[in-house]
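>>> what follows is a predicted structure for the sequence shown.
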Amino acid sequence: MYLYHFGLRELPFTLTPNTNFYLGLEPHNEALEVLLTALKTGEGFIKVVGEVGTGKTLMCRKLLNEIPEHFVTAYIPNPFLKPDELRRAVAVELGVKQAQRMSVQLLTQRIQQRLLELHSQGHSVVLILDEAQALPAESLEALRLFTNLETETRKLLQVVLFAQPELDQRLAETAFRQLKQRITFSYKLRSMNALEVEHYIQHRLQVAGYKGANLFSHDIAKKIAKVTEGIPRLVNILCHKMLMLGYGEGSYQLTKKHLFQAIQDTEGMQQKKVHSFYLTSLLIIAVLASVFYSWQFFGEML
C-alpha cells in the first residue's frame, strides 16, 4: 500500500493491539501502575473500565508482558462463557490435565489443588479477563466463588477485569453487591487530549520507521483529536485512511481535505458529524427564535 511511498517499515495505524506501539501516556501509565500495585497486595478483584476503543486490550497485553515472573497468568480473551465453560477455560490455562472431560465437582477440586500447588512453589496466580462486561450473570457469580479459594494468609487467585462501562452498570445491581464489595482496586481509562493525540500519532509513525517531514501538522492533529474525541481506535482509523488518500494522490503532505475525506468514509465519524450538525442547527434556531421574540417584544413596547 503506502509503505514505500512514505518510507515505512510497517503499517503504523493498524487496529491490532501491538505492544511495540505502546506509548506511555498518562492514563495508560496510571492504569498499569494501579494494576501492578494491586497485584502485589494479593487480594480481591481489580477492575479497569474504559469506553470502546480506549486501549483496554492493549493494556491487557501490556500487563501480560510486564507482570513479574512469579505470577502465573490465566488469560481469557472472550469471557462470554457459561459457568462450566469458564471453569474449564481457567483449568486449561492453569495446566489442569483432561479438564474438558471431568465432572464439574472434580474439576473444581483439581483447580483448587493446582492453585495450592502453585502457591507452594511460590507463585501467585492471576486470572485476566478481557471484555468482562460480556460475562453472563451466572458466570460472574462463579467468578466470585473462585476468589473464595484461599489460605490463612492470602487469596489463591486474583482476578483482573478489563471491561466497558456496562460492567459498572451491572455491578450496581443488588444481585452483584457481593462481587462489587470484593473489587479492591479500580481504574477508569480516559480518552486522549489534543496534545496526547499529536504525540500518539508521531510516536506510531516513528515506531513504524518514518523519518521524513511532519506528515500530520499540529492543526490537523488537533482536528483529529476533536472529531475522534481522543479515542485511540478512531484516531488509528482516520490516520490510516488519510495515509491511503495521500498515497493515492502522490502527496507527501496530509491536509484538511484528506481528513474530511477520511471522515466521510468512516461511518462512526459521519454519525458524530451529523449529531454535531443537528445540535448546531438547534442552537442556531434557538438563537434566531430568541432574537425574533425580542424584536417582537420591544416592538410592542414602542
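Structure received.

>>> residue ranges in the stretch 201-302 of the chain under the pLDDT threshold?
Across the stretch 201-302 of the chain, the ranges flagged by pLDDT under 70 are 268, 270-302.

>>> list the buried ones in stretch 138-149?
139-144, 146-147, 149 (16 or more other Cβ atoms under 10 Å). Heads up, the C-betas are built off the backbone N, CA and C, glycines and all.

>>> now stretch 110-124
Result for stretch 110-124 [16+ other Cβ under 10 Å]: buried residues 110-111, 114-115, 118-119, 124.

>>> mean confidence for that stretch?
Per-residue pLDDT over stretch 110-124 has a mean of 92.

>>> got a list of contacts for it?
39, 42, 70-72, 87, 90-91, 94-96, 99, 102, 125, 146, 149, 151, 156-158 (Cβ atoms under 8 Å, 6 or more residues apart in numbering).

>>> filter those to the buried ones?
39, 71-72, 87, 90-91, 94, 96, 99, 102, 125, 146, 149, 156-158.

>>> per-residue confidence for the residue lying closest to Glu166 once chain neighbours are set aside?
Excluding its sequence neighbours, the residue lying closest to Glu166 (Cβ to Cβ, 6 or more residues apart in numbering) is Gln133, at 4.3 Å. pLDDT recorded at Gln133 is 93.

>>> following the helix or strand hosting Glu85, which helix or strand comes up?
Using DSSP states H and E, the element containing Glu85 is helix 83-93. Later in the chain than helix 83-93, the nearest helix or strand by DSSP H and E is helix 104-120.

>>> can I get that next one as PDB, trimmed to CA atoms?
This file holds the C-alpha atoms of helix 104-120, laid out as PDB (Å, rounded to 0.1, in the frame of the first residue of the first chain):
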ATOM      1  CA  VAL A 104     -17.900 -30.000  37.500                       C
ATOM      2  CA  GLN A 105     -17.200 -31.200  41.000                       C
ATOM      3  CA  LEU A 106     -14.000 -32.900  40.200                       C
ATOM      4  CA  LEU A 107     -12.900 -30.000  38.000                       C
ATOM      5  CA  THR A 108     -13.300 -27.600  40.900                       C
ATOM      6  CA  GLN A 109     -11.300 -29.800  43.200                       C
ATOM      7  CA  ARG A 110      -8.500 -30.100  40.600                       C
ATOM      8  CA  ILE A 111      -8.400 -26.300  40.100                       C
ATOM      9  CA  GLN A 112      -8.100 -25.800  43.900                       C
ATOM     10  CA  GLN A 113      -5.300 -28.500  44.000                       C
ATOM     11  CA  ARG A 114      -3.500 -26.800  41.200                       C
ATOM     12  CA  LEU A 115      -3.700 -23.400  42.900                       C
ATOM     13  CA  LEU A 116      -2.400 -24.800  46.100                       C
ATOM     14  CA  GLU A 117       0.400 -26.500  44.200                       C
ATOM     15  CA  LEU A 118       1.400 -23.200  42.500                       C
ATOM     16  CA  HIS A 119       1.200 -21.400  45.900                       C
ATOM     17  CA  SER A 120       3.500 -23.900  47.500                       C
END
